[in-house]
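**Student:** next comes the sequence, and after it the predicted model I'd like to discuss.
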Amino acid sequence: MLTSPTNIFAPVSTAASSIYGLSIFVLLTVAAIFIVVFALLTYAVVRFRKRSGADNSEPVQIYGSTRVELAWTVIPILAVVALFLAAARVIALVQEPLRTPGALEVIVTGHQYWWEYRYPQLNIVTANELHVPVSDAIHPRATFLKLLSADTDHSFWVPRLGGKTDLIPNHPNQMWIDPHETGLFLGQCAQYCGTQHAKMLLRVYVQSPEEFERWVHDQQQTSKGDAPSRGQHVFESTACVNCHTISGTSAKGRFGPDLTHLMSRQTIAAGAAPNTPEQLRLWIQKPDGIKPGSKMPAMGLSDGDVADIAAYLETLR
């Protein structure tokens, strides 16, 4: 039976497992409190219910019972202290991890409505699809994420890898993950950030050390596509270059995703559509057809120009 890539009850990292364990502890604690209180309430209702023919006068009142007062004071305090200590332990683990040698660092920037990933150690820039190495007992390797926002509040949340962490303008934040399994893990922005908040999706690819090194090698290559084509000329002569970057060309924009290795990604529009020729053409010609309210404008290009640009972009691997 396959596990959902967003199943919060199937953690695959240290931080996510700690949060899951805390949630189970809290659930069991409050469940026990509920059962005890409900049982006492049920007993009182049944035992002291009004009976026909019985003496219905007010029962004897008890005042100043030290035992009762101690019980309703000490027991709640103990429960709160236990919950506090358990939560403090998990918070300390999540916020102050040990940085092991070889840890990977990624700068994550949230935009309306997509994700930018920069690997400063590896000189790689990509978008929307985060690639990290698996961390196992033989090759422990955590990934540290520095979280920034380019516009408004966002929140990075991949349920099976860690708790949600906010991206706040002018206030750098951080989190870390150490995935114990390879595979694709899904998430999304968990803080309302505008009209397309729901389609600001996250895809994290956890790869074996060998697969991750191959991905790094491919991403570090300069992808110029095929020989200069009409599609490249149209791309470089329009406002596309003001927003996007393609390594080795005049396109140096920073407002939109880096397109240098566009066709190495499985999705476009931050996971809103599969990266197919048909969807790519629609995205170029009419972004609102895929993502209403997207910041990417419709350029008003002719069908021929759209086809040429799409054909050029399809060579960027």
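**Tutor:** Now that the structure is in, tell me what you want to look at.

**Student:** longest helix in this structure, by residue count?
**Tutor:** The longest helix of the chain (DSSP state H) is helix 14-47.

**Student:** which stretches in the stretch 201-317 of the chain count as strands?
**Tutor:** 201-207, 267-268, 273-274 (DSSP state E, counting those that start in this stretch).

**Student:** sheet-wise, list the partners of the second one with their directions.
**Tutor:** Meaning strand 267-268. Here strand 267-268 has these sheet partners by DSSP bridges: strand 273-274 (antiparallel).

**Student:** just the first one next, same as before
**Tutor:** Strand 201-207 pairs in its sheet with strand 129-133 (parallel), strand 183-189 (antiparallel), by DSSP bridges.

**Student:** what's the domain layout of this structure?
**Tutor:** 14-45+62-95, 104-219, 230-313 (automatic domain parsing).

**Student:** now residue 150, nearest residue through space, not along the chain?
**Tutor:** Closest residue in space to residue 150, ignoring its immediate chain neighbours: residue 111 at 4.8 Å, by Cβ to Cβ, 6 or more residues apart in numbering. Any C-beta I mention is one placed from the backbone N, CA and C, and that applies to glycine too.

**Student:** list the contacts of that neighbour.
**Tutor:** 150-151, 255, 295 (Cβ atoms under 8 Å, 6 or more residues apart in numbering).

**Student:** of the residues you listed, just say which sits nearest to residue 76.
**Tutor:** residue 151 (44.0 Å; Cβ to Cβ).

**Student:** the closest one: neighbour count?
**Tutor:** Counted with other Cβ atoms under 10 Å, the neighbours of residue 151 add up to 15.

**Student:** again, but for residue 136
**Tutor:** Neighbour number of residue 136 under other Cβ under 10 Å is 15.

**Student:** what sits against it?
**Tutor:** residue 180.

**Student:** if we can go back for a sec, turn the domains of the chain into TSV, including mean pLDDT and distance to residue 6.
**Tutor:** Listed next are the domains of the chain as TSV, based on pLDDT from 0 to 100; distance: least, Cβ to Cβ, whole Å:
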stretch	mean pLDDT	distance to residue 6
domain 14-45+62-95	91	12
domain 104-219	93	5
domain 230-313	89	12
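
**Student:** apart from its chain neighbours, what residue comes closest to residue 289?
**Tutor:** Here the residue nearest residue 289, using Cβ to Cβ, 6+ apart, is residue 282, at 5.2 Å.

**Student:** for residue 102, which of the strands paired with strand 201-207 is the nearest?
**Tutor:** Nearest to residue 102, of those and by Cβ to Cβ, is strand 129-133 at 9.3 Å.

**Student:** what's the first helix or strand after that closest one?
**Tutor:** strand 143-149 (DSSP states H and E).

**Student:** could you check the angle strand 201-207 makes with that following strand?
**Tutor:** 160 degrees (axes from the mean of the first three to the mean of the last three Cα atoms, to 10 degrees).

**Student:** and strand 143-149, C-alpha only, in CSV?
**Tutor:** In CSV, the C-alpha atoms belonging to strand 143-149 read as follows (Å, rounded to 0.1, in the frame of the first residue of the first chain):
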residue,chain,number,x,y,z
THR,A,143,19.6,20.1,4.4
PHE,A,144,19.3,23.6,5.9
LEU,A,145,16.8,25.9,4.3
LYS,A,146,17.2,29.7,4.7
LEU,A,147,13.7,31.1,4.1
LEU,A,148,13.2,34.5,2.5
SER,A,149,10.2,36.3,1.0
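
**Student:** so which elements touch it?
**Tutor:** Secondary-structure packing of strand 143-149 (3 or more Cβ pairs under 8 Å, 6 or more residues apart in numbering; DSSP states H and E): strand 104-111, strand 165-167, strand 173-177.

**Student:** residues in contact with it?
**Tutor:** Identification of contacts with strand 143-149 by Cβ under 8 Å, 6+ apart yields 97, 99, 103-110, 132-133, 135, 156, 165-169, 172-179.

**Student:** go again with 6 Å.
**Tutor:** Applying Cβ atoms under 6 Å, 6 or more residues apart in numbering, the external contacts of strand 143-149 come out as 103-110, 132, 156, 167-169, 172-177.
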